[in-house]
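K.L.:
Coordinates for the following, if possible.
(chains A and B)
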There are 2 protein chains.
Amino acid sequence: MKINIAGHYITKIGELWDKSLRDLLKEAIDGAIENSQISPKTIDAVFVSNKAAGSFENQLHLGALASQMMKGNPPAMRIEGACASGGIAVVAAQMALMSGQYKTVLVVGVEKMTDVDSNQTTQILSAAADYKTERGSTFPGLYAMLAQAHMREFGTTRVDLSAVAQKNHVHALDNPNAHFHKKFSLEQISESMLVADPLRLLDCSPISDGAAALVLTTRNLKNKAKILGFGQGQDSLDLVGRKKLTELKATKVAAQKAYLQAKIKAKQIEVAEVHDCFTIAEIMAIEDLGFFSKGKGGKATTAGKTTYGGKIVINPSGGLKASGHPVGATGIKQIAYLAKLIEKGEFKLGLTHNVGGSGATAVVHILGK
Amino acid sequence: MKINIAGHYITKIGELWDKSLRDLLKEAIDGAIENSQISPKTIDAVFVSNKAAGSFENQLHLGALASQMMKGNPPAMRIEGACASGGIAVVAAQMALMSGQYKTVLVVGVEKMTDVDSNQTTQILSAAADYKTERGSTFPGLYAMLAQAHMREFGTTRVDLSAVAQKNHVHALDNPNAHFHKKFSLEQISESMLVADPLRLLDCSPISDGAAALVLTTRNLKNKAKILGFGQGQDSLDLVGRKKLTELKATKVAAQKAYLQAKIKAKQIEVAEVHDCFTIAEIMAIEDLGFFSKGKGGKATTAGKTTYGGKIVINPSGGLKASGHPVGATGIKQIAYLAKLIEKGEFKLGLTHNVGGSGATAVVHILGK
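P.N.:
Below you'll find the predicted structure:
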């Protein structure tokens, strides 16, 4: 069953000290409804994606909070799957639509991350790792291990990592809502402050505030983007349990399911928003999603194959790296951004890829018309 | 579509200092699968209900954690709707089954609440209220206001409140997994320590550790309990936004939807597990669910109409009050307990009622064969 993306909206992403969690939630809900031109009364339910407002803002029960901002106080639920919360919330919404229980639903993702200090942020975000076997680790530290493994096995270089960041910062110049609008040279990226070897500051996605929403419906709408297929994959929560550190099994599983459901092959995809929480994550993603063979993702990026004029456009929004990573909103804003490009006719077939933790959860959506 | 409850399991509920979040999660998953006699391989997805492990245990991403405990590492999501997380997770699972995406799924609810001190617990639980308009409030305080309103408008008395607690503590004697196995006299309850006037210590459900799980399937199974209908209602997150303080609108909405879907009337229900987080909550629930007319719930309880030999058996498990309230598990254990009674043939038609916050979310399920 094709799900129609009737409306989409992304707030400004960044350090939004003048906007509260509620402000962002309301702006995204109202924005997506307005964009859909659907009567607010016809929305049957709301699905909220959020990772950690319970810790960042001492506010759980965001479903009820979102519902009371909407006409008719519709049934609500909050979905959490670490940084993949957005992708999973869309899956939950799709299944609710496919069940026939609802005809039109709203999915909204939000995260307000900058109201606490950076030590607290590190602590809160680490709750998505395994608190038993990975205590004391941080996400830059975990992804640094993946980068080390990839560089050792495939010869991926410092320049390859920097090429990801450079490209995504260039792409973000075209995205008015992006967290950053600033070009960096390969040298600037390669020489930025070391965070967790080999990852440097400019290899890392930022801590962002932001929200995004979608109105999804089973009603057939012309000229709107559609979800043609989806897949979700899982893997061990900790790195210790993984068979390989040079790929994310969850991504491969999710992609296989999504391609099968959409009856599409990887090579047909023209554009993708992938989960580049760190530069190495984008390199692994474009391999695991089948766009480039394993080990070739870094070189392909350095050769310009992942931007306009190349083989496929990866992260036209700027990705998490440059458009920002308000975690609960990320998976929703990926779909919202791509839906807009497809609606405009800039691309025909696109893919989104949202990852939780260091790869324990991955969700892939395929979008077309 | 009727959903079959193929398997159910509830752990011991209580202050389980020798069991971790993981221990409880694994025990419930394995227990429900064993009870179902279904091959673990045939489980297509897992839905995890949890309110606040992110704060209690610094562990988010419980979907991934549950999935890796299961054969085949199935797709997972965590659902949160404060103390109604369990009921909502079952709704999400039902819709996933109704969508045709999955045939058999596992729903597990867990909460590990006793690893932090009671001040932290109060802070963590208050995240389900409205942090903006209800800052500084506690749940006993909010429910005390509801009790005050109900007593003033309908003449509900101290004895009526105590009668709820007395009955539920008697019922819990038959539930081997209950948090408490202790009878109290009306006097003991009425004279227990004052928490928030008029609510006393023995009006309040306890802080409990525990887990519960269900295996749900669209495959038709003889002799198993079935979900015949469900409904979810919402209301303002804070009390300020409510039209009335003597009823929960969310419960009424949820019940109406559930009765309609199941084609059942309130008077046909023989047994119900209702959300008695405080004694006043049970009195309001049995009115809002249609078992007694508004204002008569307290008197009906004192008259013995809500126990064996009365009009309807309310909270045969002991309810949240005496069987315990491990919040993320509560909505699941209500269904698991009732499914067992219906499977055994002790009752034909039952209802569960799970509430989030001070009534912003309510979920009702109707069970039969």
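K.L.:
now the helices for the stretch 101-250 of chain A?
P.N.:
A:118-125, A:139-154, A:158-172, A:186-190, A:249-262 (DSSP state H, counting those that start in this stretch).
K.L.:
Send me the third one as PDB with only the CA atoms.
P.N.:
Listed in PDB are the C-alpha atoms of helix A:158-172, where the atom choice follows Å, rounded to 0.1, in the frame of the first residue of the first chain:
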ATOM      1  CA  ARG A 158      41.600  11.200   6.500                       C
ATOM      2  CA  VAL A 159      40.900  13.000   3.200                       C
ATOM      3  CA  ASP A 160      37.900  10.700   2.500                       C
ATOM      4  CA  LEU A 161      36.400  11.500   5.800                       C
ATOM      5  CA  SER A 162      36.900  15.200   5.200                       C
ATOM      6  CA  ALA A 163      35.400  14.900   1.800                       C
ATOM      7  CA  VAL A 164      32.100  13.800   3.300                       C
ATOM      8  CA  ALA A 165      32.000  16.900   5.600                       C
ATOM      9  CA  GLN A 166      33.100  19.300   2.900                       C
ATOM     10  CA  LYS A 167      30.300  18.100   0.500                       C
ATOM     11  CA  ASN A 168      27.600  18.200   3.100                       C
ATOM     12  CA  HIS A 169      28.500  21.700   4.200                       C
ATOM     13  CA  VAL A 170      28.300  22.800   0.600                       C
ATOM     14  CA  HIS A 171      24.900  21.100   0.200                       C
ATOM     15  CA  ALA A 172      23.600  22.800   3.300                       C
END
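K.L.:
helices and strands around that helix, which ones?
P.N.:
Helices and strands touching helix A:158-172, by 3 or more Cβ pairs under 8 Å, 6 or more residues apart in numbering or on different chains; DSSP states H and E, are helix A:186-190, helix A:279-288, helix A:297-302, helix A:319-323. C-betas here are computed from N, CA, C, even on glycine.
K.L.:
Around chain B, pick out the residues from the stretch 251-369 of chain A.
P.N.:
Residues of the stretch 251-369 of chain A lying near chain B by Cβ under 8 Å from any Cβ of the partner chain: A:Gly356, A:Gly357, A:Ala360, A:Thr361.
K.L.:
circling back to that earlier point, which of the helices of the stretch 101-250 of chain A is buried the deepest?
P.N.:
Counting by mean count of other Cβ atoms under 10 Å in any protein chain shown, helix A:158-172 has the highest mean neighbour count of the helices of the stretch 101-250 of chain A, with a mean of 24.
K.L.:
returning to that earlier point: possible to save the residues of the stretch 251-369 of chain A next to chain B as CSV with neighbour count?
P.N.:
CSV is the format used below for those (neighbours: other Cβ atoms under 10 Å in any protein chain shown):
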residue, neighbour count
A:Gly356, 31
A:Gly357, 30
A:Ala360, 33
A:Thr361, 32
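K.L.:
who are the neighbours in contact with A:Gln232?
P.N.:
For A:Gln232, the contacting residues are A:Gly87, A:Ile88, A:Val91, A:Val253, A:Ala254, A:Lys257, A:Thr361, A:Ala362, A:Val363, A:Val364, B:Pro75, by Cβ atoms under 8 Å, 6 or more residues apart in numbering or on different chains.
K.L.:
In strands only, show me the residues you listed.
P.N.:
Of those, the ones assigned to strands by DSSP state E are A:Thr361, A:Ala362, A:Val363, A:Val364.
K.L.:
Looking at the residues you listed, spot the one nearest chain B.
P.N.:
A:Thr361 (5.3 Å; Cβ to the nearest Cβ).
K.L.:
what's the closest residue to the closest one other than its chain neighbours in contact with, if anything?
P.N.:
Nearest residue to A:Thr361, sequence neighbours excluded (Cβ to Cβ, 6 or more residues apart in numbering or on different chains): A:Ala84, at 4.4 Å. The contact partners of A:Ala84, by Cβ under 8 Å, 6+ apart, come to A:His275, A:Gly331, A:Asn354, A:Val355, A:Gly356, A:Gly357, A:Thr361, A:Ala362, A:Val363.
K.L.:
Just send these back as CSV, with distance to B:Gly241 and pLDDT too.
P.N.:
Listed next are the contacts of A:Ala84 as CSV, based on distance: Cβ to Cβ, whole Å; pLDDT from 0 to 100:
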residue, distance to B:Gly241, pLDDT
A:His275, 37, 98
A:Gly331, 30, 98
A:Asn354, 33, 98
A:Val355, 37, 98
A:Gly356, 33, 98
A:Gly357, 36, 96
A:Thr361, 35, 98
A:Ala362, 39, 98
A:Val363, 34, 98
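K.L.:
which helices and strands does the worst-scoring helix or strand of chain A on mean pLDDT pack with?
P.N.:
Across the helices and strands of chain A, mean pLDDT, DSSP states H and E gives its lowest value to helix A:118-125, namely a mean of 92. When contacts are defined as 3+ Cβ pairs under 8 Å, 6+ apart, helix A:118-125 sits against helix A:53-56.
K.L.:
Go ahead and name everything in contact with the helix it packs on.
P.N.:
So helix A:53-56 is contacted by A:21, A:59-60, A:62, A:110-113, A:115-116, A:120, A:124, A:127, A:328, B:52, B:54-55, B:124, B:127 (Cβ under 8 Å, 6+ apart).
K.L.:
Which PyMOL command selects the buried ones in the residues you listed?
P.N.:
Filtering the contacts of helix A:53-56 down to the buried ones (16 or more other Cβ atoms under 10 Å in any protein chain shown) takes a single PyMOL command:
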select buried, (chain A and resi 21+59+60+62+110+111+112+113+116+124+127+328) or (chain B and resi 52+54+55+124+127)
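K.L.:
What residues of stretch A:260-276 count as buried?
P.N.:
In stretch A:260-276, counting by 16+ other Cβ under 10 Å, buried: A:Gln261, A:Ala262, A:Ile264, A:Ala266, A:Ile269, A:Glu270, A:Val271, A:Ala272, A:Glu273, A:Val274, A:His275, A:Asp276.
K.L.:
quick one: pLDDT of the fifth one?
P.N.:
At A:Ile269 the predicted local confidence, pLDDT, stands at 98.
K.L.:
So the closest residue to it other than its chain neighbours versus A:Ile286, what's the distance?
P.N.:
Nearest residue to A:Ile269, sequence neighbours excluded (Cβ to Cβ, 6+ apart): A:Leu351, at 4.9 Å. In this view, A:Leu351 and A:Ile286 are 10 Å apart by Cβ to Cβ, to the nearest Å.
K.L.:
Kindly state the pLDDT recorded for A:Pro40?
P.N.:
Looking at A:Pro40, the pLDDT reads 95.
K.L.:
Please read the previous query as pertaining to A:Tyr131.
P.N.:
88.
K.L.:
swap in A:Glu273?
P.N.:
98.
K.L.:
same thing with A:Gln37?
P.N.:
Reported pLDDT for A:Gln37: 94.
K.L.:
Phi, psi for A:Glu270 please.
P.N.:
When read as degrees, to the nearest 10, the backbone of A:Glu270 gives phi -100, psi -20.
K.L.:
Name the nearest residue to it, sequence neighbours excluded.
P.N.:
A:Glu270 sits nearest to A:Phe347 (Cβ to Cβ, 6+ apart), 4.6 Å away.
K.L.:
my guess is that neighbour meets A:Val271, correct?
P.N.:
Yes. The criterion here is Cβ atoms under 8 Å, and A:Phe347 meets it with A:Val271 at 4.4 Å.
K.L.:
Quick check: the residue nearest to A:Thr361 vs A:Gly297, distance?
P.N.:
20 Å.
K.L.:
how close does the residue lying closest to A:Lys41 once chain neighbours are set aside sit to A:Ile43?
P.N.:
Sequence neighbours aside, A:Lys71 is the residue nearest to A:Lys41 in space, at 5.3 Å (criterion: Cβ to Cβ, 6+ apart). Distance of A:Lys71 to A:Ile43, computed by Cβ to Cβ: 7 Å.
K.L.:
Tell me which of the two has more neighbours.
P.N.:
A:Ile43 (25 against 11; other Cβ atoms under 10 Å in any protein chain shown).
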